[in-house]
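[1] return a 3D structure for these sequence lines:
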Amino acid sequence: MLAEAAFDSPLFWALFIGWILTVVLHEFAHGVVALWGGDWTIRQRGGLTLNPLQYVDPVTSIIMPAIFLAMGGVPLPGGSTYIRRDLLRSRAWETAVSAAGPAMNLLIFLLCALALHPAVGWVGPGTPATQWTAPQLFVGALAVLQVLAALLNLMPVPPLDGFQMIAPYLNGDLREKLTTPPLATFLFLGYFVVLWKVPQVFGFFIRVLLAMLGVLGYDPLQQWQFVRAFDIALWGGG
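    Coordinates of the predicted model:
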């Protein structure tokens, strides 16, 4: 699959850069809610910036996500924001901080999906993705990527946001065991192995995506054009 990725396509790299920028917004959302929740040090530590260099690591934020995207369309988490959870006012605020990142992904999805909505008029209601312009393909693919990122992150696997949302309510010893290597590393890597080897999981994510598009008023044929746009952006074709 890696060999089939459209590395020579400007659209692939536009989508990848778009992904990096949305990672920044994801992490920025964590920081903003942490500030609201009581972590007054987040601003001093640079956690309230839109500068990608604050969050991006060359290996975990660029090289590995590019490979993961090319191999299977899986948006590997690519950034991190250190939160002083001991300063947060309550366990509810801890959960809110963790939920803020996926919420930002879903907001970006909503904006992208609405931009392509037939009622807006940018894309004709019966126009297949193979006839979309490059900007339209980019927006459609980015919408899919945001839903996949949100769903992937909401799984209760350490250190993903889904786990961090429930972690404040776990027994202290259990929480420490689940977040300490080697168990934490095993669970995280095992999760991605399941994503790769059990297509039903990725298929579930796609069904959720289609359902969300349906709620926004897209008919089944229009819903699948988003998936097609995602495929075109990653692997080319027409």
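[2] please enumerate the helices of the chain.
    Applying DSSP state H to the chain gives helices spanning 10-37, 64-72, 91-115, 134-154, 161-166, 172-178, 183-197, 199-215, 220-235.
[3] so which of these is nearest residue 83?
    Among the helices of the chain, the nearest to residue 83 by CB to CB is helix 10-37 (4.8 Å). No exception for glycine: its C-beta is placed from N, CA and C like everyone else's.
[4] work out the gap between the closest one and the centre of the chain.
    Distance, stretch centre to chain centre, for helix 10-37: 9 Å (CA atoms, centre = their mean, to the nearest Å).
[5] burial check on the closest residue to residue 9 other than its chain neighbours, number of neighbours?
    Closest residue to residue 9 apart from its sequence neighbours, by CB to CB, 6 or more residues apart in numbering: residue 236 at 5.6 Å. As a burial measure, residue 236 scores 15 neighbours (other CB atoms under 10 Å).
[6] same thing with residue 190?
    Using other CB under 10 Å: residue 190 sits among 11 other residues.
[7] any idea how far residue 148 is from it?
    In this view, residue 190 and residue 148 are 19 Å apart by CB to CB, to the nearest Å.
[8] give me the most central residue, the chain.
    Taking CA atoms, centre = their mean, the centroid of the chain lies closest to residue 149, which sits 2.2 Å from it.
[9] was I right about that one contacting residue 104?
    No. Taking contacts as CB atoms under 8 Å, residue 149 lies outside contact range of residue 104: 9.7 Å.
[10] now the residue of the chain most remote from its centre: how far from residue 167?
    Relative to the C-alpha centroid of the chain, counting by CA atoms, centre = their mean, residue 173 is the outermost residue, at 29.6 Å. Distance of residue 173 to residue 167, computed by CB to CB: 13 Å.
[11] now do residue 38
    Look at residue 38 and residue 167: by CB to CB, they are 17 Å apart.
[12] related to what we said a few turns ago, now for residue 149 and residue 104: what residues contact both?
    Contact criterion CB atoms under 8 Å, 6 or more residues apart in numbering; residues shared by residue 149 and residue 104: 22, 26.
[13] give me the low-pLDDT residue ranges for this structure?
    Applying pLDDT under 70 to the chain flags residues 1-5, 56-79, 237-238.
[14] using CSV, write down the CA coordinates of stretch 185-194.
    C-alpha atoms of stretch 185-194 as CSV (Å, rounded to 0.1, in the frame of the first residue of the first chain):
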residue,chain,number,x,y,z
THR,A,185,3.3,0.8,25.1
PHE,A,186,1.8,-2.6,24.4
LEU,A,187,-1.7,-1.3,24.5
PHE,A,188,-1.0,1.6,22.2
LEU,A,189,0.9,-0.5,19.6
GLY,A,190,-1.7,-3.2,19.9
TYR,A,191,-4.4,-0.7,19.1
PHE,A,192,-2.8,0.2,15.8
VAL,A,193,-2.2,-3.5,15.0
VAL,A,194,-5.9,-4.0,15.4
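[15] list the buried ones in that stretch?
    187, 188, 191 (16 or more other CB atoms under 10 Å).
[16] with stretch 131-151 instead?
    So, applying 16+ other CB under 10 Å, buried residues of stretch 131-151: 132, 136-151.
[17] just stretch 13-33 next, same as before
    By neighbour count with 16+ other CB under 10 Å, stretch 13-33 contains the buried residues 14-16, 18-20, 22-33.
[18] what do you get for stretch 193-213?
    By 16+ other CB under 10 Å, the buried positions in stretch 193-213 come out as 195, 202, 205, 206, 209, 210, 212, 213.
[19] columns distance to residue 181 on top of those, output as CSV?
    Output for these, formatted as CSV (distance: CB to CB, whole Å):
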residue, distance to residue 181
195, 21
202, 27
205, 27
206, 32
209, 33
210, 37
212, 35
213, 39
